[in-house]
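Colleague: A structural model of the following input is requested.
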Amino acid sequence: MAEQAVIFASLIIGAFLMGAVVAWYVKDYVDTYLESAAYAKAVIHPEMLTDDGRVDPEELLYLRLSEENDIIDDEDDD
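Modeller: Numbering: from 1, shown residues only. Here you go, the predicted structure:
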């Protein structure tokens, strides 16, 4: 009976340690991903800026659909 308790305790401790190591690596991966995503979101191309550093609204393109029937259908998806 004592031998089974030692084996069971060893399995519990081993599972805990393995979970801690896996969580450590996953946390590092997620932190790296979030940092790169935040950096990519903050990067603005310099050709979109005016001389004073603001975003130039004349260079931006907008698509505004004013009516419900103005929906763009892409028939190439069939």
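Colleague: So, low pLDDT: which residues of this structure?
Modeller: Judged by pLDDT under 70, the chain has its weakly predicted residues at 38-42, 59-63, 65, 68-78.
Colleague: Helix or strand: which one has Phe8?
Modeller: Under the assignment given by DSSP states H and E, the secondary-structure element containing Phe8 is helix 2-42.
Colleague: So what's the gap between that helix and the chain middle?
Modeller: Its chain's C-alpha centre lies 19 Å from the corresponding centre of helix 2-42 when counted by CA atoms, centre = their mean, to the nearest Å.
Colleague: please renumber so the chain begins at 11
Modeller: Okay, using 11 as the starting number, the last item reads as helix 12-52.
Colleague: packing partners for it?
Modeller: Here helix 12-52 touches no other helix or strand, going by 3 or more CB pairs under 8 Å, 6 or more residues apart in numbering; DSSP states H and E. Any C-beta I mention is one placed from the backbone N, CA and C, and that applies to glycine too.
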